[in-house]
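Peer 1: can you look at this prediction? I've put the sequence above it.
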Amino acid sequence: MLNEAIEYLKSYDGPQINIMEVCGTHTHEIFRKGIRKILSPKIKLISGPGCPVCVTPVSFIDEARYLAEQGVTICTFGDLVRVPGSDGSLADSRAAGGKIKVCYSPMDAMEYAKEHTDEEVVFLSVGFETTTPSDVLSVKTAMDEGVSNFSLLTANKTMPNAYLVLKDSMDCYLYPGHVHAIIGTGICEELAANGVSGVVAGFTDKELVLAIAVAVKNAAKRKGYVDGVYSEDLAKENENKGFFVNCYPRVVKAEGSPKAVKLVDEFMEPSDEIWRGIGLLEKSGMKLKEKYKAYDARVKYNIPAFTAQGNKGCRCGDVLQGKILPSDCPLFGKACNPDHPVGACMVSDEGACSAFYMYN
Amino acid sequence: MLNEAIEYLKSYDGPQINIMEVCGTHTHEIFRKGIRKILSPKIKLISGPGCPVCVTPVSFIDEARYLAEQGVTICTFGDLVRVPGSDGSLADSRAAGGKIKVCYSPMDAMEYAKEHTDEEVVFLSVGFETTTPSDVLSVKTAMDEGVSNFSLLTANKTMPNAYLVLKDSMDCYLYPGHVHAIIGTGICEELAANGVSGVVAGFTDKELVLAIAVAVKNAAKRKGYVDGVYSEDLAKENENKGFFVNCYPRVVKAEGSPKAVKLVDEFMEPSDEIWRGIGLLEKSGMKLKEKYKAYDARVKYNIPAFTAQGNKGCRCGDVLQGKILPSDCPLFGKACNPDHPVGACMVSDEGACSAFYMYN
Amino acid sequence: MCVGLSAKVLKLDNDGAIVESMGAKRKISADLLEDLEPGDYVMVHAGAAIAKITSDDIEETDELFNELF
Amino acid sequence: MCVGLSAKVLKLDNDGAIVESMGAKRKISADLLEDLEPGDYVMVHAGAAIAKITSDDIEETDELFNELF
Amino acid sequence: MYCFALSAYNVVIIRMKNINHDRTNAFELSVARGSPHRARAESRIDNINLRGRVTIKTEGINKMENEVVKLAHGAGGEKTAELIEKVFKGHLGNEYFTADDASVLPRPNGKIAMSTDGFIVSPAFFPGGNIGKLSICGTVNDLACMGAKPLYMTCGFVIEEGFPMDKLEEIVASMEKTANEVGVKIVAGDTKVAGKGQVDGVFITTTGVGEILEGADTSGKYAKKGDAIIVTGDVGRHGCTILLARDEYGIEADVTSDCAPLYKAVENVLTAVPEVHVIRDATRGGVGTVLYEISRESNVGIDLNYEDVPVADEVKGVTGLLGLEPLYLACEGRLVIMVPDEKSEEVVNILKNSPYTEGAKVIGHITDEHVGKIVMTTSIGAQTMLPKPGNELLPRIC
Amino acid sequence: MYCFALSAYNVVIIRMKNINHDRTNAFELSVARGSPHRARAESRIDNINLRGRVTIKTEGINKMENEVVKLAHGAGGEKTAELIEKVFKGHLGNEYFTADDASVLPRPNGKIAMSTDGFIVSPAFFPGGNIGKLSICGTVNDLACMGAKPLYMTCGFVIEEGFPMDKLEEIVASMEKTANEVGVKIVAGDTKVAGKGQVDGVFITTTGVGEILEGADTSGKYAKKGDAIIVTGDVGRHGCTILLARDEYGIEADVTSDCAPLYKAVENVLTAVPEVHVIRDATRGGVGTVLYEISRESNVGIDLNYEDVPVADEVKGVTGLLGLEPLYLACEGRLVIMVPDEKSEEVVNILKNSPYTEGAKVIGHITDEHVGKIVMTTSIGAQTMLPKPGNELLPRIC
Ligand code: SF4
Ligand code: SF4
Ligand SMILES: [Mg+2]
Ligand SMILES: [Mg+2]
Ligand SMILES: [Mg+2]
Ligand SMILES: [Mg+2]
Ligand SMILES: [Mg+2]
Ligand SMILES: [Mg+2]
Ligand SMILES: [Mg+2]
Ligand SMILES: [Mg+2]
Ligand SMILES: [Mg+2]
Ligand SMILES: [Mg+2]
C-alpha cells in the first residue's frame, strides 16, 4: 500500500498542488525520510510556521538571557539553546557562566526547582497546543506542592489564527497530528466549511506518505481532476468547498482531549503574540492568567521590555509563509548556516531553513 | 662574634642548663638552622607551648568543621588546615566540598567577606599577643565598613599565665620577640624579680645563637659559675634572683606597642582557655567582648558545644611542658607522623614533635 | 518529540505512569487523559501522555490507505 | 610568620602601608604603630606592622654580643 | 599476579614475579569481609588456579574505602610517591615502569604509530565499563585503526580532590585488565590532583605507541570507489549509555556501552586481508561523523543504506524519545572499515568470529559521485542526505 | 612561516611552505589595529626578514577576540574539525600531523624514551610563560633527563566551555615556538571540551618519544658516592611565580618562571661528558623532592650546602613572608645533575655556556652515609636534616 502511494506521488501529473506542513516534526521527518525527493514536480511542500523555535521572537531569547544573567537557572527544551537572540544565544550565556539546564519536560524542571530550593528556576514555555498542557501541569503541580521558586517564561502559541492568516498560501494543510490530538478536529471541519482544506497527518513514514497522497488526491479533485482527467463541472462544483480528512485516526479523535483543554483554560488565557517573521497575531498564544502571576516569570522578576527585532536580512517570515524557499534567501548557506544561524529557522533541526540546509 | 658564641655553646661545660622556647617560630628556626646540633650536651632546649596550632584544642577544629559543613566559608592561616579534630581535619572538610580558604591575614579574610556578600565568612582567630591585634583590626574595620558577613572564631591565647604555670620546667625562658614587641618587657622584669629568668630573642640565626649564649651564661652565673669556676657565694647570692636580658632591642622596646595593646583591650577581654595538652588555664586567652558579639562566630551561629578531647595516647602536654622529648612519646614516628598527625604538636612545622621528626 | 513513537503503559500510580517504548522507560504524567490503564498505548509529548492510541499497530495505515485513498 | 624578616615602608596612605622585603611587596595595616613614615623599617606579622625597627642592620647583633655577653 | 592485602590505611600490593606454578605457594591475605577487594583478590587467585593454596583471613580493617584523594597526593612529595606505589604501580607496573622521568624502551620493528586521547566521561562509571577501560580502549583502537600493534602506553591522570580512593583503584584495575588483554605495556604515568571543583572527578589522557603490522597500510585517505563500508556492530550504544547514566532526562533503558579493545579483531582482519583501505573507530561523533570525515579525506561520496545500519531497539527507543540520531551517538567499540567490495564478505566473516565484532555488517558503499556527501536510502526508498555532524547533541521537543 | 589574517569569524592561517627568500613575496594581511595578532604577525615577518615586502592593512574585523570555545567544539563534528584546522593544525602542523587515528612515523634509532605529563597550572598565563610552553618544556625536559633527543610529541587538551579562543591560540602558539626551538614534532593531538565548571580553564597532557643519545645512560638509580650535585640555576622561581600569579596572599614581586626547554643544554653536557650519572628536572615538589627521590632510588645519602643553593632575592622575600621553603617550590627549567666530582667543573662550565643553564652551581655531594637522608650544612655551620617533602604547601602564620 505504501508502495502504491509512493508510486502515485512520484508519477502525479495533475495540476500543481501546494501543501503546507505546519508542524516542525512533520518538516523534519519529511526531510529525514527523503519524502520531498520522491514527489513529482507538480507537488510542492511548503514548511509553514510549525516549529515553535522558529516562531519564537528574538526578544524572548533576550528575556531568557537576561534572567540567566541575573543568576536564574533556565530550564529549557534543547531546541532553544542555540537560538540567536539579539546579542547571542543561551549557549553563550552558559559559556559565560549562566546556568542553562536542558530538560525533557516542564515537569522535570519543576522537580528540579523542588530539589534545589536555593535556586530560582524558570522554564522556557514554548510550543503549541500539544505542549501547553504540560507547561500548565507543571504550574499546577508546583502550586499543589508549594514550590515557590519555579515559574514559566511563556511564549506558547496556538494554531487556529495562523491557519487563517496563511490560508491563501497553499491548497491544503498537513495538520499537525498532535495539536489536534489535544484540540480535536472541530476547527478543521470548520475551516473546510469555509473553503480551507487540510488533512491531519501522523509522523511515521507511512503516515506521512499516506496523508500527502490523500491531500494531493483531494486537492486535485477540488481542482476538477480525477485520475488525471479534468472536469470543468467538478472544478466548479468544488470551487469553494474545502475538504478535511483525518489520516491519523488511531491518535486523533474528533473531540481531542477535553481534559487537557480544560486544564489549559483554567490556568491560561489567549494573548496577542509575536511570531518571528510573521509579526503580531491577535489571540495567537496563551499566557498565565493574572491570578497565577506568581508563576509568571515576567511578572515575578519584573523583566524589562525587550523590543529587539531579528536580523533585517533574514527572510524567515517569507519562508514560513511559503513565499520563498529557504534557498531563495540571500543569506542561506552563506552568512546563515546551522553553525551561525541568522534566523530562527536555521536553528532547530525542525526549522525549515535548517532542514533544507542539512538534507540538500 | 657569631663564631665566638657558637664556640661557647659547643664547648660549654658548666652546670646543666635547661632553656625553654615558648615561640613556635623559635622552635622552627632553631631546628632549621641546626642550632640544637651545636649545643653542648650540658645545654638542653625544651620546646614549650609556643605554637598556637599546637595548643589549639581538638574542639576548636571541630567547631570550625561544623561551620564548614553548614556552608560557612572558613578563612584560616595555612597552619590549621591539617590539624586533626576529633573526626578529621579542615583538609577533609575541603575534600568533602567545604570552602576552606587560606589567608595571609585576618584583614584579607575580612576583605574577602566584603567582596563576597553572598557568603558567610569566619576567620579562625588563633595566635598569641602578636597576632591578636591583627584579628581585632579586622573586626574594627568590618564594623567601620559595615561588613556583616564576617566574624571570628576565637582561640586567642596570652603568654603570661603560661609563663607562671611552666616556671619550674626550666632555668631560663627564651621569650618570644614579637609577643614582647607588643606587650613590652614589664612582665619579664616582674618575673625576674620573682625569680623567673628569661631572655628575649629575635629570629635570625645570629639573634638566636646570641640569646641562647646570653641565657646560658647568665643561668650558669645564677648557679654560681663564672667562666667554668664555681663560687658558692655567688650561687647563694643569686639563688632567688631571676635575670632578664633583652637580646632583641632593635625590635623589642620596654613599653611594647601601647597602641596595639589599647586596641585589643577595647575589643577583647580575658577568658579562660583550654591549652591542648596542658588543660584549662584561667585568663589565658582573649575573647570578643559581649558588645561585639555580632562578630563572634560562636554567638552568631550558635555553635553547639564540642567537648572532644585529643587522643589519650598523645603526650603533647608533657612535651610542651618539657617533661619528655617528642621521641619519648610511644606514638612518635609510628602512629604519629606529619602525614597522620595524632597530636597537634605533629601538625604545624612549628610543632615540637613535627620539628623533631623532620630534622632528625 | 512529536515523532510517532507510541509507548505502552506499564504501571500507574498517583504520581503518573511509567511507559515504555522499545525498551526505553520513563515516568510521565497521566493527568491529561481519562482512565488510563496498564497495557494501554499512548502518545507521549513533553513528559505527558497526550493521546490514547487505538492500537500500537501502525500497520493499520495500510487499511486506512484502502479506506481513504 | 614571626621570622625576622624586616620590611621597609615604601608608601603610606589612609588604607595602610606598602612594605617591601627583598623585593616582595605587600599592603599591610599601619594601625598598630604610631607615626610610621616611608623609609622606616618594620617587623610584619599577620598583615600588620607590629614594631618599628631601630635599624635594618642585623649586623648590630655583633655589637650587641660585645655588650651582652 | 597481584594480591591485595589491606593495611590500616592503604592497600598493600604484594607482587609476585615469575611465580612458579609447580610449587605450593600459600599466602595470607587480610581483606575485610564484604570488601570488593576480597572478591577481586579471590578471582585473581582463581585465575591462576591457586585458590586451594591460599588462606584468606577476613579480619583487619580496611580504611582505604573511606580514603579520598587529597591535594597532598598531587604535591609531588611523599604522598604522591605513596599513591603511585600503592595504586598505580601495583596495577600497571611492568618491566618498563619507572621512577625516572621517562621509560627507556626497546626499539620497535618498522614504522611506528603514535596516538593520544583525553577521556573526560561523566559519570566515570557506567554500564559496560568505566573511564579507565575506556582510556585504554580508545588509544588501543586508534593504533589498531592504523594497522598498528599496540606496544607502549602512557597515562596521565587529573583527579579531583576528594575523589574516593577505592573508585580510583577500580579504574586503575580496569586499565590493567584491558591492557593485559591487548598485551600493551603501560610504561609511564602522571598524576595531578586538582582542587575541589577544578576538575569533575577524574580525567585520563592516554598515549600509545605501536608498530605497524607488516603489509598494513590504512588511512582515512584511502577509501576508493566501490569499497564496501562495514560497521562492526550496532551503533550508538556508548553515547546512549552515558546519556542514560547522567540521568538528566529521567529515561531508563537496558543499554550497556560497547566499549571494547579491538586490536585482536583488526589483527585478524589485516593478517588475512591486507587490502583493507580504511579502518576508523567511531568514537565521539559516532559513525555518521566518521563517514563524513572519510568522504572528505578520501574525496569520495558515500551511499548508505539507512535501514541496514544496526541499532539496538533500546537505543532506538531512547533516541526516539529524545529526538537524537543514533548515527551521531558515540561508540567506543565499533570500527568503520572500508575494503574493496569483493573482499567484504571475507572481512565480515572474520569479524563475526573475532572478539567484540560479532555484529559486523555492510551498511553502504563508496562512490565517486556526490563527493563529500553521504546519501542515504531511506525506508521509503528515497535518497536524501545524512545531515552533517555539527553541534552539541541536544534533545528536541518538537 | 605562518601569517595570520582574520576573517569575520576565525583566524585564517596562511601557511607558506618552502618559502623562497630570494623571491619577492608580498602578502596582504588584514589584521585589526591593536590586535595582539598584529604584533605577532609583524614579529614573525620580521623574523624572516620580509618586513619590507609585506603590506599590512589594518581594516577588517577581528571577531575571534570575542569568540570562546563552546561545547560544540568538542562534539567531534564539524566544529571540532574547524577548531583543529584553524587553531591547532595551523600552529602545530607538520609532515606527520594527521587526520587519522594515529600518526605513522619513521622508526627511531636505538632505544627510545617515552614520557607523559599533565599540566593543570592555574592561572594558565603567568610571567615567563603559559601552560602551552610549560607543557612542551615539561615533557622535553623529562626526555632530556634520560639522555633522549625529543623526536615526537602528542598533546591532549581539555578545555572549559567559554575559554577565550584568542587565549587558546596564544597557548598553542607558545607550544609551536617551544617545540620548534627544540626540534620536536607534534604528531598527534586531541581536544575535549568540558562543560562550564567541569574543568578550570584548560588542561594539557603531553607525551613525548625520544631516542637515547649514544653513550648516554642516566637514571635516578645511578648516583654514586662522591658525585657532585649540580643545580642548573636558582630554585623555586616557577612555584613562586604561580603563587604570586594566583594573588591569594596579596604579595607582589618581580619574579618570572624559569620555565624553559633544556634539551640543548643536556645534549651539550652528554656529548662532552657521557659519564653523567643522574639528570632529573626539579618540577613539582622542587629540588628538595628530587634530592629525596634520588637518595632513595640510588640508596645513597646527600650532603647539601644550604648556603650554596641559589635562590633569587625576590623568592627569598616571598618565601620569607609566607614561611615556605624555596627548595620545595616547583621549578620548570632547572635540572639536578649528578656527576663524578672530577667532572663537575667541566659540566658546570658547559652549562654556563648553554641556554637556560647559565646559573649552574655545585650545591652538594653524594655520600654513602645517612642513606635516604639529606643533611644540610646551615649558615651557622651546623648539620641538620632537610625536612622531607610531604604535604601541600601551606603558608604559615607563626
Ligand atoms: S536562511 Fe537564515 S537568514 Fe535566510 S530565512 Fe532562513 S533563517 Fe533567515
Ligand atoms: S608524637 Fe604525636 S602523639 Fe606523641 S606527643 Fe607528639 S603529637 Fe602527640
Ligand atoms: Mg621530571
Ligand atoms: Mg587519538
Ligand atoms: Mg580516539
Ligand atoms: Mg609526571
Ligand atoms: Mg565534581
Ligand atoms: Mg579514533
Ligand atoms: Mg613525565
Ligand atoms: Mg615531568
Ligand atoms: Mg582524539
Ligand atoms: Mg574556571
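Peer 2: Noted; the coordinates are in hand. Numbers count the residues shown, from 1 in each chain, chains lettered A, B, ... in the order given. Ligands and ions are numbered 1, 2, ... in the order given.

Peer 1: number of nearby residues for residue 15?
Peer 2: This is for chain A. A:Pro15 has 17 neighbours, counted by other CB atoms under 10 Å in any protein chain shown. C-beta: built from backbone N, CA, C; applies to glycine.

Peer 1: looking at chain C here, not the other one
Peer 2: With other CB under 10 Å as criterion, C:Asp15 counts 10.

Peer 1: please apply the same query to E:Pro340.
Peer 2: As a burial measure, E:Pro340 scores 17 neighbours (other CB under 10 Å).

Peer 1: distance of it from ligand 9?
Peer 2: 43 Å (CB to the ion, to the nearest Å).

Peer 1: again, but for A:Lys283
Peer 2: A:Lys283 is 69 Å from ligand 9, by CB to the ion.

Peer 1: got the phi and psi for that residue?
Peer 2: phi 40, psi 40 (degrees, to the nearest 10).

Peer 1: wouldn't E:Asn299 be in contact with E:Val371 here?
Peer 2: Yes - E:Asn299 is in contact with E:Val371 according to CB atoms under 8 Å; the separation is 5.8 Å.

Peer 1: now the closest residue to ligand 9 within the stretch 1-150 of chain A: closest residue in space that isn't a chain neighbour?
Peer 2: Distance from ligand 9 to each residue of the stretch 1-150 of chain A (CB to the ion) is smallest for A:Ala95, at 32.2 Å. Spatially, and ignoring its direct neighbours in sequence, A:Ala95 is nearest to F:Gly162 (3.6 Å; CB to CB, 6 or more residues apart in numbering or on different chains).

Peer 1: which residues are in contact with the one you found?
Peer 2: F:Gly162 makes contact with A:Arg94, A:Ala95, A:Ala96, A:Gly97, F:Val68, F:Val69, F:Lys70, F:Lys196, according to CB atoms under 8 Å, 6 or more residues apart in numbering or on different chains.

Peer 1: check A:Asn149 too.
Peer 2: For A:Asn149, counting by CB under 8 Å, 6+ apart, the contacting residues are A:Ala113, A:His116, A:Thr117, A:Glu119, A:Glu120, A:Val121.

Peer 1: the third one: which element?
Peer 2: Assigned by DSSP states H and E, A:Thr117 falls within no helix or strand.

Peer 1: count of neighbours near it?
Peer 2: When neighbours are defined as other CB under 10 Å, A:Thr117 has 11 of them.

Peer 1: which residue packs closest to it, ignoring adjacent ones?
Peer 2: A:Asn149 (6.1 Å).

Peer 1: likewise for the second one?
Peer 2: In space, A:His116 comes closest to A:Thr73 once its chain neighbours are excluded; the distance is 7.3 Å by CB to CB, 6+ apart.

Peer 1: pretty sure the one you found sits against A:Val102.
Peer 2: No - at 11.7 Å, A:Thr73 and A:Val102 do not qualify as touching, with contact defined as CB under 8 Å.

Peer 1: picking that back up, wait, is the residue nearest to A:Ala95 part of a helix?
Peer 2: No - F:Gly162 is assigned coil when assessed by DSSP: H, G, I helix; E, B strand; the rest coil, not a helix.

Peer 1: next, give phi and psi for the residue of the stretch 1-150 of chain A closest to ligand 9.
Peer 2: According to degrees, to the nearest 10, A:Ala95 has phi -60, psi -30.

Peer 1: surely it is in contact with F:Pro164?
Peer 2: No - A:Ala95 lies out of contact with F:Pro164 (CB under 8 Å); the separation is 10.0 Å.

Peer 1: higher neighbour count, the two?
Peer 2: Remark: of A:Ala95 and F:Pro164, A:Ala95 carries more neighbours, 22 against 15, as counted by other CB under 10 Å.

Peer 1: ok, that one - contacts?
Peer 2: By CB under 8 Å, 6+ apart, the neighbours of A:Ala95 are F:Val68, F:Val69, F:Lys70, F:Glu161, F:Gly162, F:Lys196.

Peer 1: how about a cut-off of 7 Å?
Peer 2: By CB atoms under 7 Å, 6 or more residues apart in numbering or on different chains, the contact set of A:Ala95 is F:Val68, F:Lys70, F:Glu161, F:Gly162, F:Lys196.

Peer 1: how about C:Ile18?
Peer 2: Residues in contact with C:Ile18 (CB under 7 Å, 6+ apart) are C:Leu10, C:Lys11, C:Lys25, C:Lys27.

Peer 1: what residues are bridge-paired with the closest residue in space to E:Ala245 that isn't next to it in sequence?
Peer 2: The shortest distance from E:Ala245 to any non-neighbouring residue, by CB to CB, 6+ apart, is to E:Phe126 (4.3 Å). Using DSSP bridges, the bridge partners assigned to E:Phe126 are E:Gly129.

Peer 1: same question, E:Phe157
Peer 2: Taking DSSP bridges as the rule, E:Phe157 bridges to E:Thr191, E:Ile204.

Peer 1: isn't it up against E:Gly201?
Peer 2: No - the criterion here is CB atoms under 7 Å, and E:Phe157 misses it with E:Gly201 at 10.9 Å.

Peer 1: pLDDT wise, what is the residue nearest to E:Ala245 at?
Peer 2: We have a pLDDT of 96 for E:Phe126.

Peer 1: and the pLDDT for residue 229?
Peer 2: Assuming you mean chain A. Confidence at A:Val229, expressed as pLDDT, is 89.

Peer 1: meant chain E, my bad for not saying
Peer 2: With respect to pLDDT, E:Ile229 scores 98.

Peer 1: just give the nearest non-adjacent residue to it, would you?
Peer 2: E:Ile229 sits nearest to E:Gly364 (CB to CB, 6+ apart), 4.4 Å away.

Peer 1: helix, strand, or coil at that neighbour?
Peer 2: strand.

Peer 1: show me what contacts it?
Peer 2: Listed by CB under 7 Å, 6+ apart, the contact set of E:Gly364 reads E:Ile229, E:Ile302, E:Asp303, E:Leu304, E:Asn305.

Peer 1: just give me the neighbour total for E:His191.
Peer 2: That one is not His; residue E:191 is Thr. By other CB under 10 Å, the residues close to E:Thr191 number 22.

Peer 1: try the one 3 residues further on
Peer 2: For E:Ala194, the tally of surrounding residues (other CB under 10 Å) stands at 24.

Peer 1: then the one 5 residues further on?
Peer 2: By the measure other CB under 10 Å, the count of residues near E:Val199 is 25.

Peer 1: repeat that for A:Asn311.
Peer 2: Residues lying near A:Asn311 (other CB under 10 Å) number 16.

Peer 1: now the nearest residue to it once chain neighbours are set aside: how far from A:Ile274?
Peer 2: Using CB to CB, 6+ apart and skipping residues adjacent in sequence, the residue nearest A:Asn311 is A:Val342, 4.9 Å away. Distance from A:Val342 to A:Ile274, counting by CB to CB, to the nearest Å: 18 Å.

Peer 1: and what of E:Gly110?
Peer 2: 67 Å.

Peer 1: okay, the two: which has more neighbours?
Peer 2: A:Ile274 (20 against 11).

Peer 1: ligand 4 versus the residue nearest to E:Val348 when sequence neighbours are not counted, what's the distance?
Peer 2: Nearest residue to E:Val348, sequence neighbours excluded (CB to CB, 6+ apart): E:Ala360, at 4.9 Å. Look at E:Ala360 and ligand 4: by CB to the ion, they are 23 Å apart.

Peer 1: measure E:Ala360 to E:Thr271 for me?
Peer 2: 16 Å.

Peer 1: returning to that earlier point: ok, the residue nearest to E:Ala245 touching E:Leu243?
Peer 2: No - judged on CB under 7 Å, E:Phe126 makes no contact with E:Leu243 at a distance of 9.9 Å.

Peer 1: and what about the residue minimising distance to the centre of chain C, helix, strand or coil?
Peer 2: Central residue of chain C (CA atoms, centre = their mean): C:Val42, 1.2 Å from the mean position. When classified by three-state DSSP, C:Val42 comes out as strand.

Peer 1: and the nearest residue to it once chain neighbours are set aside, backbone torsions?
Peer 2: Closest residue to C:Val42 apart from its sequence neighbours, by CB to CB, 6+ apart: C:Ala49 at 4.0 Å. The phi/psi pair for C:Ala49 (degrees, to the nearest 10) reads phi -80, psi 120.
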